[in-house]
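1. just coords:
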């Protein structure tokens, strides 16, 4: 397979340039290093290539089936067909960063519309045009807050359960700074947010809605305390959940991040996903990444351009707050198409169904013996942690034989169970039945 | 699921029109017949709809697998990904018959280019913009020839084996005419075409390249005899085969038809496929269907329009030669994208590989006992008929257990085996081995 | 700009990257006799260009950009029902489990059989007919099927004298052409001032030679034939059968069943009523429904359910096959998705909204472009170009193109002078319909004041007005290589 | 025409047709505390429009039509490598067996694991490195990974004083920004007249604080650093490590291996060298390759093969995770298809043709727009705007848009005054390159004679020149609802 076009004139052009053979073009390269022996195949025709990938895809499919309740940061929501249709248009996929705005209004207006959707859902004023994913947005938010509020001290309090993966990525991003992260849990230590003692030397405080266990805390008092204490408030929130709860902007958040995978993007083994990043007005010039902005053309007509690029690395170089460039443009487009096709009503229907399904499970499971649900009376979004009297490993094996994957094990005795709008009640019932039957077997 | 848009203003508009309820719009319809009870479901959301179709698709897939050697008129060739990409562009799929040529140049130029490709491959001067499929093109060609050359007599000689399905469709289309079809076989009765006696009262003669058994006859003498006798010569030919053999136009054919499914169109249980229809200059005003033609715009620039529509039913009404309207536009586009992506080299590579594979099979199979190949020394394209000493039914069952579908049974003891470029030699060897092993079991 | 033909920028060198050539090729001796000149080597006996894939993608991307489509804007092409084609239907149709099925495996492919069986059932329920054959490839082939069935029916009863078919003068040209293809004669029924079949005229045409009558209802003027029950009854009394041209079924699906009105046999245009993509001109599908008296004449294959398995069969007195395989399965599949997704509620709402929106547009245009014939209209209406200053209907059509809208169907039906046949469809929002009405009114104003401007249109399209007469005078039907 | 924002044509009534609402909804008491105002009813506390799907399709079809892309025409945006994105790669990537895999199932999905394992191998073979980590999400994240590894390497040896990184003045801005993110200091190396790293200058900057040096090769002037082996050797001698910025690897893949030149660690930009769609600005992927000395520091997950099964693991001294899951798998999959389809022959040919075509274009333009610095160029070249009459580089860029071409990269590298950075890529035919050269020469002629015309460009695009200064003065970053 080779797409590099016309070869008929190759020799003509080569000699027109005064060369004899193609390797003359590489005269700057030490001759002994030229054209190394590279033991890769010599290429496949397209038909053979597709066969190869069909085999690989089949190998996956044969191992994965049944009803699945996996989440933990990546969720299977229904993706309307129109999302794939629009996002596979060559005019979007084969364009690049809209440096020449006059011929890139498709990309630019899409990004501006994406920013507007996210701004309305989150209540935040300034949204960037995307970040790599939720976790990197999260980590860069911490870097940004640490830099912006360093004079208060290097501590950042994380008041929610977050996943091990998020912790690892946060550690990686902060490893060469003096920031210190402390982990607490609103549900465990400070049930009543009004009583929380916030340390003096604290630059920022972070809450996740929902947290890793699917729990949504009432943080209104906590948010007020942050404001009083001059601590930056960061909310990491699921954009679907935010369509039905008080948004971060209204809670007084200074920084918002989120994982946009749930907005029409497949799980795809972890990527590409979509990091959502937003800040309040006072942090506008600190936000990393590209942003689309409105302007006018030479005739006064509305149009869009990349805005505020003086923050960025290609201008500020080592003084930039991040090295991030253009990143997930097509995923922001997918999210926009998803949000616009679903509309307000569709997004809220999905969010409510995720809450409903989680509580349907809670109400079925809490009656059973042998398991316990983490905070069953809290508001749960999509997910719950179930702690079992028995080994989760054994449960998983049994479940597999029943064609069910009940969740993701988080330790030897607990499992994170996730449900989205794609599950019908019959499927939820089968999961409840599974726990019941297995417990009976165990006993 | 409902796509019919804004309902918020429904009542406002209704009352603006002076109506109270929507059924007032249907006052012309006898009241007692309005809104009958129709026991269909009330609709699915898109997510449920896709699940339903996934179940149906899985039900198919689970029953069909392994290596398949089925043909008999429908062939599995490799379809480059670019064919699906282009033919799913909304600008092509959601347009219609190019009545307003100035905003339909995409469709019109494509059709003109399609006609040019087919003209070059077949050597025919005038190609229409498509017919339903090969069989209906075949049948309408007979109607057209019968009408055009009636003064010679009502007989049409078919000098090739054709499928039962083609015969049935031909009978259906001709049932209310006086045309009489006679079937002969160049390979059986008249090995040397020069010796053929052509009856006087014969309007037309038809040959298939290849015939139903995959055989390609040398018809050069026969073609000359037709011309001498004033008999219209019709060639039904596979467009891939024609890329490597003397084309119908050069053989002196007056009418050409073909099945274009092999040009980038999936088998799809029989449709939509693509009927190819072409005539020599003298029959131009008799050809059924739409045709694109070149013209100029008001500034003298080249453009394309639908041409010669005065032949058609919407102008000539009962005096039209056919009732066919626009039909397989998108399939003609698929064929064009296929042919243009493959290029001359690609088409000829496929054709040669189909010949090679057929003869590879012949050479492997003819050594075996218990089977006989129909005309093994003739040029075979893609297909061969194998007659067995045993019941084909038993062979099919055994083959299924081996993950092979060796072909399509044509009667109790014979089977039509088809191979295209998608089969590797390893797969052909497995088929040969299958016949060998089964025969040994039988003995 | 100008889009060169694929031949006009020949890149002769690229190798095909899709299929590797055979090594140690085995070509039989017999090949030589028929081999194409140069087919063995690289001499250009086959003058087809070799482009790289980027060129192919660009070429068709450019062609696509010069096509008007439903996706670009409102497309009120009367009688063609240019409504939204839900993308989900394309998505389900491209599932691998469907597209690769060979007809020889049909009965193994129970998923596909279920699709066909259910669609037969849905169409039968919506139309009130007792049986439905799905295989006809297009509306015109559906008509051919139906009229053949009518002829066969009479012949099966020994009634060989019935070879005349009545067709209203407002009918699509396919109706008379179909009758002729079945070796029968057309007798035209003139319509009355209300644009409907005149019962008195009908009576005068009925005699023992009548095989049947073809009627489009709502008719091509967008009017529901108020006497349809009586018409059917009189044709039946005269020994004829009633053929329903289902082109306009989209106005009444879910509202009234054609079988209940008295029709005996009818075709469906799936791409119109049931939302499959028009494809720049096909493929469509033209299933045929009929009463139990006629079902033995249907073309095969039909699908039945035997216990838990679906099986294909052909009725005993079938007119014969008209199409290979199982018809245009890819289209049938999309319509099955359309009907199943919408359900009876959605289908009925679509009909209601199609009619409401057509009447709204008609009302908005009432002063500028009054519709012919009584109210209410069904899914479309027909008006005449009101201008007397030499601006033609075609001029108005071209001016609409400059406004970003597609033109209505023009010069049809033939019974209306300078006709404009306008069908907004249920998919267009009221706002879009208002914008179209506004544009059309402004155009008529402009054209009245400045007829020359009208003749010059279109001016914003890549090409100016194309000369159709020249194209027919000396036809150029392919590029000269 | 004008494309309204999605809010500017609000259709408030449409119900979502994708997911049926729950019946007998179960909302916990705790919901009330945090409920969004109006979230329970239909009050517009969430001001998002409700459009029908047709409107959505049209909106994005119109937006798509106002985007320049590789599919529309030549896109010689230097350093971005806008080459053909084979459609087969999109087709294989959308197979259901891949997109739905959850990271928790990774090791069950052996097909996906095989893709990753094979791609690690391919990238290692092409670059000469001993190990490759695929998870970095983009080139910039790959850089971050690599520089973190360098810092960790020194720290693991107890060498805490090495916190300075050398970066040439021609480098992309990401290089210094990355160094800063790793808490280290940048020391800039000025380039010499030949546009290359000056060895004497380098020697002057090397000391015990040096952690390493970042070098793009071919550099951003499109020149292969002739002294690269010597540079690497001197940095190594000073105790530093060599970071390779792989942005321009597309010029030399298959021709020379960066590891053989002396680099220790390097990132790949898969969307550039290995042809994945640029997506209007991502997603890309930025795998990192390194020598065996550094491989223990790579971020996980890496894939190894244990007997017949693939398994994921993280090296012992890893810098840590940078990205959830397995990186941008959807992009990795496409690059694996690209490399597997092309094979080593195709990859090498691509590099050769990229260089040949850049030199051809450079040659065609030699009189009008002479390239800076010596010959031959690699895959791109840099020239300065030659006009002295007030026509800016940006004016020239905008004039190209009017000719249907995308503009080159402008005003970069910063070391070149009024720079135009031109990269035709191997995908463009010689004919297309000639057409571009012709257009550029005509533009320079026009602009010389009529500078005002140049300032007015673009004039054929939907919008005229956009005011970027105004956008920054008072930023409007979302529509005010």
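-> Noted; the coordinates are in hand. Because the structure is a prediction, the values reported are computed rather than measured.
2. who touches the residue positioned nearest the centre of chain A in this structure?
-> The centroid of chain A falls nearest to residue A:259 when counting by CA atoms, centre = their mean (2.8 Å). Applying CB atoms under 8 Å, 6 or more residues apart in numbering or on different chains, we find residue A:259 in contact with A:73, A:133, A:134, A:135, A:137, A:238, A:273, A:274, A:275, A:276. Every residue, glycine included, has its C-beta placed from N, CA and C.
3. Then residue C:425?
-> C:76, C:81, C:82, C:83, C:84, C:354, C:357, C:379.
4. ok so, going back, and the pLDDT for the residue nearest to the centre of chain A?
-> If you check residue A:259, the pLDDT there is 98.
5. returning to that earlier point: now, which of the contacts of residue C:425 lie within helices?
-> Residues of these located in helices (DSSP state H): C:354, C:357.
6. just the contacts of residue C:425 now: which is nearest chain B?
-> Taking CB to the nearest CB as the measure, chain B sits nearest to residue C:84 out of these, at 5.0 Å.
7. Let me know the pLDDT of that closest one.
-> Predicted confidence (pLDDT) for residue C:84: 95.
8. That one and residue C:427 touch, don't they?
-> Yes - counting by CB atoms under 8 Å, residue C:84 sits close enough to residue C:427 to count as a contact (3.9 Å).
9. if we can go back for a sec, distance to residue C:416 and neighbour count for the contacts of residue C:425 - can I get that in TSV?
-> Output for the contacts of residue C:425, formatted as TSV (distance: CB to CB, whole Å; neighbours: other CB atoms under 10 Å in any protein chain shown):
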residue	distance to residue C:416	neighbour count
C:76	16	27
C:81	19	27
C:82	21	24
C:83	24	30
C:84	28	22
C:354	21	29
C:357	21	26
C:379	17	30
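10. So which of the contacts of residue C:425 reach chain D?
-> Under the cut-off given by CB under 8 Å from any CB of the partner chain, chain D has residue C:84 from the contacts of residue C:425 close to it.
11. Can you say which two of the contacts of residue C:425 are spatially most distant?
-> Greatest spatial distance among the contacts of residue C:425 (CB to CB): C:84 and C:379, at 14.6 Å.
12. and residue 292, what does it touch?
-> All of this refers to chain A. Residues in contact with residue A:292 (CB under 8 Å, 6+ apart) are A:98, A:108, A:109, A:111, A:112, A:115, A:129, A:304, A:305, A:306, A:307, D:477.
13. my question was about chain C
-> Neighbouring residues of residue C:292 by CB under 8 Å, 6+ apart: C:130, C:131.
14. For chain B, state which of the contacts of residue A:259 is nearest.
-> Within those, the smallest distance to chain B is 19.4 Å, found for residue A:238 (CB to the nearest CB).
15. Ramachandran coordinates for that closest one?
-> phi -80, psi 120 (degrees, to the nearest 10).
16. With the one 10 residues further on instead?
-> Listed backbone geometry of residue A:248 is phi -50, psi -40, with angles given as degrees, to the nearest 10.
17. Can you tell me the closest non-neighbouring residue to it?
-> residue A:235 (4.1 Å; CB to CB, 6 or more residues apart in numbering or on different chains).
18. Show me what the helix or strand where that neighbour lies is packed against.
-> According to DSSP states H and E, residue A:235 maps onto strand A:232-237. Under the contact criterion of 3 or more CB pairs under 8 Å, 6 or more residues apart in numbering or on different chains; DSSP states H and E, strand A:232-237 touches helix A:134-148, strand A:202-209, helix A:220-229, helix A:248-251, strand A:255-259.
19. and with 7 Å instead?
-> Strand A:232-237 makes packing contacts with helix A:134-148, strand A:202-209, helix A:248-251, strand A:255-259 when contacts are defined by 3 or more CB pairs under 7 Å, 6 or more residues apart in numbering or on different chains; DSSP states H and E.
20. roughly how far apart are the nearest residue to residue A:354 once chain neighbours are set aside and residue A:158?
-> Take residue A:354 and drop its neighbours on the chain: the residue closest to it by CB to CB, 6+ apart is residue A:382, 4.2 Å away. Distance from residue A:382 to residue A:158, counting by CB to CB, to the nearest Å: 21 Å.
21. Relative to the whole chain's centre, how far out is the host helix or strand of residue A:438?
-> Using DSSP H and E, residue A:438 sits in helix A:425-442. From the chain centre to the centre of helix A:425-442 is a distance of 31 Å (CA atoms, centre = their mean, to the nearest Å).
22. Tell me if it is near chain B.
-> No - figure legend: helix A:425-442 not in contact with chain B (CB under 7 Å from any CB of the partner chain); closest approach 11.2 Å.
23. I would like the residues contacting that helix, please.
-> Identification of contacts with helix A:425-442 by CB atoms under 7 Å, 6 or more residues apart in numbering or on different chains yields A:67, A:69, A:357, A:360-361, A:364-365, A:368-371, A:390, A:395, A:398-399, A:402, A:404, A:406, A:419.
24. quick one: secondary structure of the one residue in chain A that gets nearest to chain C?
-> Nearest residue of chain A to chain C: residue A:8, at 3.3 Å (CB to the nearest CB). Under DSSP: H, G, I helix; E, B strand; the rest coil, residue A:8 falls in the coil class.
25. Please name the bridge partners of the spatially closest residue to residue A:134 that is not a sequence neighbour.
-> Counting by CB to CB, 6+ apart, residue A:134 lies nearest to residue A:259, which is 2.7 Å off, once chain neighbours are set aside. Per DSSP bridges, the residues bridged to residue A:259 are residue A:275.
26. so how far is residue A:158 from residue A:259?
-> Taking CB to CB, one finds residue A:259 at 16 Å from residue A:158.
27. what do you get for residue A:209?
-> Counting by CB to CB, the gap from residue A:209 to residue A:158 is 13 Å.
28. What about whichever residue of the stretch 201-350 of chain C sits closest to chain B, how many residues nearby?
-> Nearest to chain B in the stretch 201-350 of chain C, going by CB to the nearest CB, is residue C:325, at a distance of 1.3 Å. Counted with other CB atoms under 10 Å in any protein chain shown, residues neighbouring residue C:325 total 27.
29. which residues touch it?
-> By CB under 7 Å, 6+ apart, the contact list for residue C:325 reads B:74, B:269, B:270, B:271, C:103.
30. Hmm, residue C:102 and the first one touching each other?
-> Yes - distance between residue B:74 and residue C:102: 5.9 Å, which falls inside the contact criterion (CB atoms under 7 Å).
31. what do those two both touch?
-> By the contact definition CB under 7 Å, 6+ apart, residue B:74 and residue C:102 are jointly contacted by residue B:267.
32. interface residues of the stretch 151-300 of chain C facing chain B?
-> Counting by CB under 7 Å from any CB, the stretch 151-300 of chain C sits next to chain B at C:151, C:173-174, C:176-183, C:186, C:224, C:226, C:229, C:254-257, C:260-261, C:277-283.
33. Kindly report the same for the stretch 1-150 of chain A.
-> For the stretch 1-150 of chain A, the contact set with chain B under CB under 7 Å from any CB comprises A:46, A:47, A:78, A:80.
34. Looking at the residues you listed, which two lie furthest apart in space?
-> Longest distance between any two of the residues of the stretch 1-150 of chain A next to chain B is 33.2 Å, between A:47 and A:78; criterion CB to CB.
35. can you tell me the residue of the stretch 301-443 of chain A closest to chain B?
-> Scanning the stretch 301-443 of chain A for proximity to chain B using CB to the nearest CB identifies residue A:422 as nearest, at 6.5 Å.
36. Look at that residue and tell me its secondary structure.
-> coil.
37. Next one, pLDDT for it please.
-> Note on residue A:422: pLDDT of 97.
38. okay, and for chain C, where does confidence drop off?
-> Applying pLDDT under 70 to chain C flags residues C:10-13, C:38-44.
39. just so I have it, where are all the strands in the stretch 151-300 of chain C?
-> C:164-168, C:185-189, C:210-216, C:241-246, C:265-268, C:288-290 (DSSP state E, counting those that start in this stretch).
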